[in-house]
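A.B. asks: model the structure of this input:
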Amino acid sequence: MKNQLNASSSKTNDTLLFNIKETVKIVIKFLGITTWIVIFGMALLEIKQYYNIDVIPGVDTSIEEVYSAVFSGVSQYF
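C.D. replies: Numbers count the residues shown, from 1 in each chain. Alright, predicted model coming up:
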């Protein structure tokens with residue numbers, strides 16, 4: 001009887017440990033993909049600003065205004 005309880009609790013612990021490892025892997029992959037998307041977006045905005053590319057001429061979107069504010073704020077320190 002005790003052997004059956006030990007075996008079932010061992011299987012439960014193994015399954016729980018496997019689930020935790022898989023969850024950590026998924027979170028790390030999500031954070032990595034999110035980081036690359038942000039870096040890619042910032043690179044596109046930098047290229048857009050450097051070459052003065054306007055999707056709608058004469059109109060600054062809120063994303064461009066935020067990027068300009070962040071870039072000017074960070075550039076003061078470098």
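A.B. asks: which SSE is G73 in?
C.D. replies: Using DSSP states H and E, G73 sits in helix 62-75.
A.B. asks: now do the helix or strand encompassing I39: which elements does it pack against?
C.D. replies: Assignment of secondary structure by DSSP H and E places I39 within helix 2-50. Using 3 or more C-beta pairs under 8 Å, 6 or more residues apart in numbering; DSSP states H and E as the contact definition, the elements that helix 2-50 packs against are helix 62-75. (C-beta placed from N, C-alpha, C; glycine too.)
A.B. asks: can you tell me what sits against the helix it packs on?
C.D. replies: Defining contact as C-beta atoms under 8 Å, 6 or more residues apart in numbering, one finds that helix 62-75 is touched by 42, 45, 48-49.
A.B. asks: hmm, 6 Å instead?
C.D. replies: By C-beta atoms under 6 Å, 6 or more residues apart in numbering, the list of residues contacting helix 62-75 from outside reads L45.
A.B. asks: geometric centre of the chain: which residue is closest?
C.D. replies: Here the mean C-alpha position of the chain is nearest to the C-alpha of T34 (C-alpha atoms, centre = their mean), at a distance of 2.2 Å.
A.B. asks: for that one, what are its contacts?
C.D. replies: Applying C-beta under 6 Å, 6+ apart to T34 gives no contacts.
A.B. asks: and the helix holding G73, which residues are buried?
C.D. replies: By neighbour count, with 16 or more other C-beta atoms under 10 Å as the criterion, the buried positions of helix 62-75 are Y67.
A.B. asks: returning to that earlier point: tell me the spacing between the residue nearest to the centre of the chain and E64.
C.D. replies: Using C-beta to C-beta, to the nearest Å, we find T34 at a distance of 21 Å from E64.
A.B. asks: repeat that for I56.
C.D. replies: If you measure I56 against E64 using C-beta to C-beta, the figure is 11 Å.
A.B. asks: W36 too?
C.D. replies: Distance of W36 to E64, computed by C-beta to C-beta: 21 Å.
A.B. asks: can you check K29 too?
C.D. replies: When distance is defined by C-beta to C-beta, K29 is 30 Å away from E64.
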